[in-house]
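Enquirer: take a look and give me a structure for this.
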Amino acid sequence: MTTDYTVGLKDSSGNDRDAWTDFIKLSYGRKLNDLGRLSCTMPIRAGINPVIVRRDYHLVIYRSVDGATPYLDMDTWWIIDSVDWDIDNHVVTFEAGDLLHILKRRIVGYTSQTPYADKTFVELAIAGRGLLTADDMMKEYVSQNIGPTAIDSVRTIAAITIQPDVSLAPNAELQGAWRELIQVCQDIANQSAGLGTNIYFDIVPVGSRTFEFRVYNNVRRMNRSSSGPNPTYFSSDTNLVDTHLRWDYRDEKTHWYLSGEGAGAGVLYTESGDTSRDYSLWGRIEGYANLGGEAGDTTNYFPKKQAEKLRGSRPKLVMTANVKDVDGSIYGKDYHYGDVIAATAEGYVFDAVINAVSVDVDGSGQSIKTALRGEITL
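Expert: Model (predicted):
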């Protein structure tokens with residue numbers, strides 16, 4: 001197997017400036033719903049001038065496996081935020097973050113108790129609106145803080161569009177005033193996962209200098225799971241290493257007590273549980289949550305929160321593993337960052353997400369580390 005890498009340099013406006021294949025060292029990695037990092041060390045030579053490279057210059061990584069057409073690895077540009085010129089050794093190291101760093105650079109810039117900051121039953125009802133699905137809510141937060149619906153137009157980033165709503169996730173609620181957008185999106189994704197639907201968010205290039213904020217339901221890239229059209233099976237017997245199966249009961253709760261003010265209706269209180277899981281000598285495992293003044297509609301809000309709490313606190317069988325870079329599991333050929341594949345171990349089959357990939361390249365070759373994770377709710 002042969003793999004070729006090209007590092008492209010773009011200026012702060014996205015114009016192509018240079019392309020390199022003679023880097024000394026290249027390291028980069030991404031993790032779903034989190035911030036990725038890149039480091040590239042280059043020799044100082046004609047065309048490599050660290051003096052002119054400033055914040056928001058970009059790097060792009062094009063990768064080719066076995067002579068195939070090069071592809072933009074990990075679907076992102078890397079935004080330079082550090083330039084280290086080693087004068088004695090005549091090298092320069094560029095450090096950069098992926099496009100999700102844009103969400104770290106912006107906050108939810110609205111006061112609490114407004115539908116721009118708090119997308120809860122109460123605030124949305126006051127605005128004459130209903131609850132939002134988690135995926136649509138995420139897009140609305142981004143649109144109102146970097147997109148076309150920002151109240152202050154100077155906050156709009158013209159190069160970024162927002163994917164249209166598709167409403168495929170469960171309803172969610174969040175109070176987001178003055179928080180970083182990346183944190184808000186992560187919390188919404190976690191809330192949706194607790195209700196049974198995994199969602200993944202990203203900012204991806206869609207043109208030479210245009211980008212789109214997208215939310216993916218259940219699969220970030222390609223569905224290669226056992227239920228997909230073309231399953232890809234990775235096994236602990238062949239191409240997985242560091243495989244662990246963990247039966248995790250640490251955060252289990254079998255009964256939840258909830259309370260809240262209930263939109264002026266006085267203090268509300270309810271309890272719900274799953275008696276089928278109270279099977280041991282010690283009986284039930286109890287938890288409590290105060291929903292505060294956002295309890296809202298008791299007909300829908302409390303049951304939804306109880307279902308979320310009970311499902312989110314069920315025990316899980318979790319599989320984690322790393323992928324061997326061998327025939328049948330070659331990164332960039334047999335799978336990509338964000339794919340869902342079928343992972344098997346000890347008779348169990350998991351729909352496992354390729355949730356983190358890191359790449360290191362230097363004069364001695366390349367090293368790929370790929371982590372996957374799958375879980376079965378018990």
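
Enquirer: skipping adjacent residues, who's closest to Asp362 in space?
Expert: Lys25 (4.5 Å; Cβ to Cβ, 6 or more residues apart in numbering). C-beta coordinates here come from the backbone N, C-alpha and C atoms, glycine included.

Enquirer: quick one: mean pLDDT over stretch 282-292.
Expert: When pLDDT is averaged along stretch 282-292, the result is 88.

Enquirer: I meant stretch 204-223, not that one.
Expert: 93.

Enquirer: give the buried residues for that stretch.
Expert: By neighbour count on 16 or more other Cβ atoms under 10 Å, the buried set for stretch 204-223 is 205, 211-217, 219-223.

Enquirer: and Asn49, helix, strand or coil?
Expert: coil (DSSP: H, G, I helix; E, B strand; the rest coil).

Enquirer: distance-wise, check it relative to Met74.
Expert: Going from Asn49 to Met74 by Cβ to Cβ, to the nearest Å gives 27 Å.

Enquirer: now Pro229
Expert: Pro229 is 24 Å from Met74, by Cβ to Cβ.

Enquirer: neighbour-wise, which of the two wins?
Expert: Met74 (24 against 8; other Cβ atoms under 10 Å).

Enquirer: right, and that one touches Arg30 too?
Expert: Yes - between Met74 and Arg30 there is a contact at 5.0 Å, judged by Cβ atoms under 8 Å.

Enquirer: show me where the protein has helices.
Expert: Counting by DSSP state H, the chain has helices at residues 101-104, 121-126, 134-146, 181-194, 301-312.

Enquirer: same list, the ones you listed, but as JSON lines with mean neighbour count please.
Expert: Shown next, in JSON lines, are the helices of the chain (neighbours: other Cβ atoms under 10 Å):
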{"stretch": "helix 101-104", "mean neighbour count": "19"}
{"stretch": "helix 121-126", "mean neighbour count": "18"}
{"stretch": "helix 134-146", "mean neighbour count": "24"}
{"stretch": "helix 181-194", "mean neighbour count": "21"}
{"stretch": "helix 301-312", "mean neighbour count": "18"}
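
Enquirer: weakest of the ones you listed by average pLDDT?
Expert: Sorting the helices of the chain by mean pLDDT places helix 301-312 lowest, at a mean of 80.

Enquirer: packing partners for that helix?
Expert: helix 181-194, strand 255-260, strand 268-273, strand 286-290 (3 or more Cβ pairs under 8 Å, 6 or more residues apart in numbering; DSSP states H and E).

Enquirer: so which of the ones you listed is nearest Val65?
Expert: Closest to Val65 of those is helix 181-194 (Cβ to Cβ; 30.4 Å).

Enquirer: list the buried ones in stretch 84-96?
Expert: Val91, Val92, Thr93, Phe94, Glu95, Ala96.

Enquirer: ok, now which ones touch the fourth one?
Expert: It refers to Phe94. Leu38, Ser39, Cys40, Thr41, Met42, Val53, Leu59, Ile80, Ser82, Val83, Asp84 (Cβ atoms under 8 Å, 6 or more residues apart in numbering).

Enquirer: just the buried ones among those, please.
Expert: Leu38, Ser39, Cys40, Thr41, Met42, Val53, Leu59, Ile80, Val83.

Enquirer: take the residues you listed and keep only those in strands.
Expert: Leu38, Ser39, Cys40, Thr41, Met42, Leu59, Ile80, Val83 (DSSP state E).

Enquirer: need the residues you listed in a markdown table (columns: pLDDT and distance to Arg284).
Expert: Output for these, formatted as a markdown table (pLDDT from 0 to 100; distance: Cβ to Cβ, whole Å):
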| residue | pLDDT | distance to Arg284 |
| --- | --- | --- |
| Leu38 | 98 | 49 |
| Ser39 | 98 | 50 |
| Cys40 | 96 | 55 |
| Thr41 | 96 | 57 |
| Met42 | 93 | 61 |
| Leu59 | 97 | 54 |
| Ile80 | 97 | 54 |
| Val83 | 95 | 58 |
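
Enquirer: format the residues you listed as a markdown table; extra columns: distance to Met137.
Expert: As requested, those are exported to a markdown table (distance: Cβ to Cβ, whole Å):
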| residue | distance to Met137 |
| --- | --- |
| Leu38 | 30 |
| Ser39 | 34 |
| Cys40 | 36 |
| Thr41 | 41 |
| Met42 | 42 |
| Leu59 | 32 |
| Ile80 | 32 |
| Val83 | 37 |
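
Enquirer: closest to Ser358 out of the buried ones among the contacts of Phe94?
Expert: Nearest to Ser358 among those is Leu38, at 10.2 Å by Cβ to Cβ.

Enquirer: what's the closest non-adjacent residue to that closest one?
Expert: That would be Tyr28: by Cβ to Cβ, 6+ apart, it lies 3.8 Å from Leu38.

Enquirer: isn't that neighbour right up against Val60?
Expert: No - contact criterion Cβ under 8 Å: Tyr28 and Val60 do not qualify, at 10.7 Å.

Enquirer: who's more crowded, these two?
Expert: Legend: neighbour count by other Cβ under 10 Å for Tyr28 and Val60, higher for Tyr28 (23 against 19).

Enquirer: list the contacts of the more buried one.
Expert: So Tyr28 contacts Gly36, Arg37, Leu38, Ser39, Cys40, Ile61, Asp73, Met74, Trp78, Ser358, Val359 (Cβ under 8 Å, 6+ apart).

Enquirer: still on that earlier bit, if I look at Tyr28 and Val60, which residues touch both of them?
Expert: Trp78.

Enquirer: can I see the domain layout of this protein?
Expert: Residue ranges for the domains of the chain, per automatic domain parsing: 3-98, 109-191, 223-247+317-377, 254-308.
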